[in-house]
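[1] With the sequence up front, the predicted model follows.
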Amino acid sequence: MNLKKKLLASTATIAVGAMATIGGTFAYFSDDVSAQSKFTNGKLDLQPEAPYLEHFTLDKFKPGDKLVAMVDNQEPAMVLNNQGNLPMNVFMKADVTDHKGSKDHIWVNKLFYGDTNLLAKYPAMDANNDSHVTLAELSSFFKGNTTLNGKSITGVGKYIGYLDAPGGAAGTNPIQAVKYELEFKDNGQDQNNLQEDETNIGFTFTGLQYEGKTLDSSTIDNGSEGGGGNFQRTDNINDREETKNDK
């Protein structure tokens, strides 16, 4: 290689090296934006927990006696309280046991959830179709399953009503009572075989969320006519559509 070609090759090598050096320290214009969004899950909190939910232990019960619990938050009416921030559908399950058959002789004369007459809502509770409901029939009826978001939920009993989330608009009611009247029915016959029988009544209440809903431009808003900003819910969390449970 002659001297001229060697000088040209050296110059090219130097140029490439210089370009590599410049590339390593190259300064450029840029800009970026970011957004941080979050979900905060709601909470279901059905109160009160045992042993504070009203209950009773009555002895010396005899034919003709009545237990009346028809006043909210008094007597042994069972008062349910939603202390979460989501509304809930309320289901009731009843388990009644005895030793000698008293559950067939104790009548459920009245049964309400708030203002809803459950005996009228569920006429099938009178399984014997004899115009009265016994504790035995109550126990048999208040068993069952339901569905939520297309999934089966077993063992919750029957739907009795709902509880609003607290802190809503006027008319919101996060508290309801289960009220009842029970009578040891005197059938006019010898009932001596029931003496010293013990009847145990277990109520279980389950609160389930409402069906999932779609949040879009009709239920979220950024507080302005233009775009951008923080989008928040604008719907009433307690709004409910008639469901299969309400019918």
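    Now that the structure is in, tell me what you want to look at.

[2] Could you pull out the helices in the protein for me?
    Listed in chain order, the helices of the chain (DSSP state H) span 3-24, 118-121, 135-141.

[3] and those, which one's lowest on average pLDDT?
    Among these, helix 3-24 carries the lowest mean pLDDT, a mean of 50.

[4] Check the gap between the residue nearest the centre of the chain and Met88 for me.
    Note on the chain: the residue nearest the mean C-alpha position is Leu208, at 2.3 Å, using Cα atoms, centre = their mean. Distance from Leu208 to Met88, counting by Cβ to Cβ, to the nearest Å: 6 Å. Placement of C-beta: from N, CA and C, glycine included.

[5] tell me, what's touching those two both at once?
    Here Leu208 and Met88 have Leu44 as joint contacts, going by Cβ atoms under 8 Å, 6 or more residues apart in numbering.

[6] If you rank every helix and strand of this structure by mean pLDDT, what lands last?
    Ranked by mean pLDDT, DSSP states H and E, the weakest helix or strand in the chain is helix 3-24, scoring a mean of 50.

[7] what is the rounded mean pLDDT of stretch 147-160?
    On average, stretch 147-160 scores 94.

[8] Could I get the buried residue list for it?
    156-160 (16 or more other Cβ atoms under 10 Å).

[9] again, but for stretch 114-125
    Buried, per 16+ other Cβ under 10 Å, within stretch 114-125: 114, 118-119, 121-122, 125.

[10] Isn't Lys143 up against Thr154?
    No: assessed by Cβ atoms under 8 Å, Lys143 is found out of contact with Thr154, at 10.1 Å.

[11] how many neighbours does Leu138 have?
    If you count neighbours by other Cβ atoms under 10 Å, Leu138 ends up with 26.

[12] How about Leu194?
    20.

[13] so how far is Ala94 from it?
    For Leu194, the distance to Ala94 - Cβ to Cβ - is 20 Å.

[14] Same question for Thr206.
    12 Å.

[15] my guess is Val79 contacts Lys179, does it?
    No: under the contact definition of Cβ under 8 Å, Val79 does not touch Lys179, with a separation of 9.5 Å.

[16] Between those two, which contacts overlap?
    Asp72.

[17] between the two, which one's more packed in?
    Between Val79 and Lys179, counted using other Cβ under 10 Å, the more crowded position is Lys179 (23 against 18).

[18] quick one: pLDDT of that one?
    For Lys179, the predicted pLDDT is 96.

[19] correct me, but it touches Asn73?
    No: using Cβ under 8 Å, Lys179 is not in contact with Asn73; the gap is 10.2 Å.

[20] Now do the buried residues in stretch 29-48.
    44, 46.

[21] what sits up against it?
    So stretch 29-48 is contacted by 79-86, 88, 90, 163, 205-209, 237 (Cβ under 8 Å, 6+ apart).

[22] first vs last residue of it, how far apart are they?
    62 Å (Cα to Cα, to the nearest Å).

[23] which residues does Asn230 contact?
    222-223.

[24] Let's see that with 7 Å instead.
    By Cβ atoms under 7 Å, 6 or more residues apart in numbering, the contact set of Asn230 is Asn222.
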